[in-house]
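S.K.: Here is the input, now give the coordinates:
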Amino acid sequence: MYKYNDFDKAFVAERNRQFRAQVARRVDGSLTEDEFKPFRLMNGVYLQLHAYMLRVAIPYGTLRGEQMDMLAHLAETYDKGYGHFTTRQNIQYNWPTLSDIPDMLDDLEKVEMHAIQTSGNTIRNVTADHFAGAAADEVFDPRPVAELVRQWSTDHPEFQALPRKFKIAVTGSQNDRAVIKAHDIGLRLHEVDGVLGAEVIVGGGLGRTPMIGKTIAEHVAIADLPAYLESVVSVWNLLGRRDNKYKARIKITVHEHGLDEIRARVEERYALVRPTFNGAHMDLFEEIKAHFQPPAFRNAPTDAFDAAYAADPVFRAWADTNLSDHKAPGYAIAQISLKAHGATPGDASAEQMRVMAQIARDYAHDELRISHEQNVVLPHVHKSDLPVIHKILKAHGLATANIGLISDIIACPGMDYCALATARSIPIAQQIATRFDELKLEHEIGDLKIKISGCINACGHHHVGHIGILGLDRAGVENYQVTLGGDHTETLALGERTGPGFSADEIVPAIEKIVDTYLAERATPGETFLETFRRVGMDPFKLALYGETAKRSKAA
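M.R.: Next comes the predicted model:
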């Protein structure tokens, strides 16, 4: 795990000092809110619907136990006792007082954390596969590359006033758990003739105009990667639309100019930029890699796991849904669900954060990960410790066995918090999770991803949900559009809209009809919702949702 050097510490301390002075000027009235806005955004501070919000960076989703403890401290000292983990592997605090935020940033500095570039028109927090360094299918741990990109992009003088925000994601596996094709730049690490590099994907993104990223370069060696990324962002910085914020994303630039022209411009820029990199970045990369050596894995029997799995059906259900294969013998990757039925997706209390931090120290080599699916991951757990871990999690409301199931819902904060939202997300997610828990159908349904956004900006990733829900305002009434068939993996697909939307009272029954149709249509009990949808198409689902109206519409 990356540890700050003297430069890193001094840099963050100076940024915090500057921001403390800016906050003081805002509080005493020397700065208006409009004047203060660019300063606060550069330091992760938003003005939400009811209060300021602080978004803290968790680079590539990786935390130590002491860092999670500090997040708990912030939650109970400056907020209302909880934090909200986001799809960008960040954590948000929704209720801080502006005058307290400099103290929060100073506290974060003590454990090598910050909120720099978690907002604003800059390169945002670099995200990565939440199984990085542990997954059995991994070619290369993507976190050293993500850290290299983070250091290159932080406070980059050319990229502090981009046309819009810019997001980069990295994966080291063919199985995409970082949604790289839905990012401004996605990097898939692989080796070609023994040279580590990345396939570079550009122009992906969700929101108002969802688009799937396209490969601009099949293989860029790590030695060339920062220069190539700089060339891509530089070209977009020149071409990107500044006349219309809704079109000021690289996906629109690629669409308007075409991938071939963008590639040609990038190559032209790259020819100028590459000679300015003198090799120091590769020296840095070697230093970074040394921080990400695998822990000392134990060689121990798994009898305790096997016995608990055979004897305890509650533990068995949790193990079947929340564990994934690890690269080391005897180990597993354990996901901690922050989606207890009826809870707010992604929220964790200060007490729960401390429990997870202690488990990481005692049983998981002091490592935690935050997933883009708003859950917490213990990446390195020996199977013999899992029965004890499960018992501790259960005692603190953290042992819900629903990873990948219908109640493991991604949801943005929606109109309960966000000034941009046009509908509520959290209550809809809670109602769906509670309803299917009552029906006892979750495990029968199997793999089914519901994603909910409270506005067109798609912070809940609804476009790539197996079932996507978009909340909109229709003449002052919340209306929920439904899409089916989205996919957030390496076979990324955008969902197809079913038809007219549903009211807040109608949306849960509509989801029930969709699920009932899937269960009736699936060829075998093992056929997933997505497989069934791709086989039978939209028609059976439309018929279930809209009845004869769907038939007449098709005939017309």
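S.K.: Between its first and last residues, how far does stretch 183-201 reach?
M.R.: Stretch 183-201 has an end-to-end distance of 8 Å (C-alpha to C-alpha, to the nearest Å).
S.K.: ok, and for that stretch, which residues are buried?
M.R.: Of all the residues in stretch 183-201, those buried under the rule 16 or more other C-beta atoms under 10 Å are 183-190, 196-201. In this view, the C-beta of every residue, glycine as well, is placed from N, C-alpha and C.
S.K.: Could you list every helix and strand in contact with the longest helix seen in the chain?
M.R.: Of all segments of type helix in the chain, defined using DSSP state H, the longest is helix 6-27. For helix 6-27, the elements it packs on are helix 33-42, helix 101-110, judged by 3 or more C-beta pairs under 8 Å, 6 or more residues apart in numbering; DSSP states H and E.
S.K.: How about the helix or strand following the first one, which residues are buried there?
M.R.: Beyond helix 33-42 in the direction of the C-terminus, DSSP states H and E gives the next helix or strand as strand 45-47. Residues of strand 45-47 classed as buried under the neighbour-count rule (16+ other C-beta under 10 Å) are 45, 46.
S.K.: What are the contacting residues of strand 45-47?
M.R.: By C-beta atoms under 8 Å, 6 or more residues apart in numbering, the residues outside strand 45-47 that reach it are 33, 37, 40, 52, 53, 54, 55, 98, 101, 115, 119, 419.
S.K.: before we move on, what about stretch 266-281?
M.R.: Contacts for stretch 266-281 (C-beta under 8 Å, 6+ apart): 148, 152, 216, 223-224, 226-228, 230-232, 234-235.
S.K.: before we move on, the earlier item: make JSON lines from the helices and strands packed on helix 6-27 and add distance to residue 290 to it.
M.R.: JSON lines is the format used below for the helices and strands packed on helix 6-27 (distance: least, C-beta to C-beta, whole Å):
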{"stretch": "helix 33-42", "distance to residue 290": "31"}
{"stretch": "helix 101-110", "distance to residue 290": "23"}
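S.K.: Quick check: which of those helices has the most neighbours on average?
M.R.: With neighbours defined as mean count of other C-beta atoms under 10 Å, these peak in mean count at helix 101-110, which reaches a mean of 19.
S.K.: Tally up the residues packed near the closest residue to residue 364 other than its chain neighbours, please.
M.R.: Nearest non-adjacent residue to residue 364, counting by C-beta to C-beta, 6 or more residues apart in numbering: residue 378, 4.3 Å away. Neighbour count of residue 378, defined by other C-beta atoms under 10 Å: 26.
S.K.: Any figure for the gap between residue 378 and residue 217?
M.R.: 35 Å (C-beta to C-beta, to the nearest Å).
S.K.: end to end, how far does stretch 286-303 reach?
M.R.: Using C-alpha to C-alpha, first and last residues of stretch 286-303 are 39 Å apart.
S.K.: How far away from the center of its chain is that stretch?
M.R.: With C-alpha atoms, centre = their mean, to the nearest Å as the basis, stretch 286-303 stands 25 Å off its chain's centre.
S.K.: Likewise for stretch 42-52?
M.R.: 19 Å.
S.K.: Distance-wise, check residue 52 relative to residue 41.
M.R.: From residue 52 to residue 41 the distance is 11 Å (C-beta to C-beta).
S.K.: let me fix that: residue 339
M.R.: 30 Å.
S.K.: buried sites along stretch 385-401?
M.R.: Neighbour count says stretch 385-401 has 385-387, 389-390, 392-393, 396-401 buried, by 16+ other C-beta under 10 Å.
S.K.: hang on, the earlier thing: rebuild the contacts of stretch 266-281 as a markdown table, extending it with distance to residue 470.
M.R.: Listed next are the contacts of stretch 266-281 as a markdown table, based on distance: C-beta to C-beta, whole Å:
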| residue | distance to residue 470 |
| --- | --- |
| 148 | 36 |
| 152 | 35 |
| 216 | 29 |
| 223 | 42 |
| 224 | 39 |
| 226 | 37 |
| 227 | 39 |
| 228 | 35 |
| 230 | 35 |
| 231 | 35 |
| 232 | 30 |
| 234 | 34 |
| 235 | 32 |
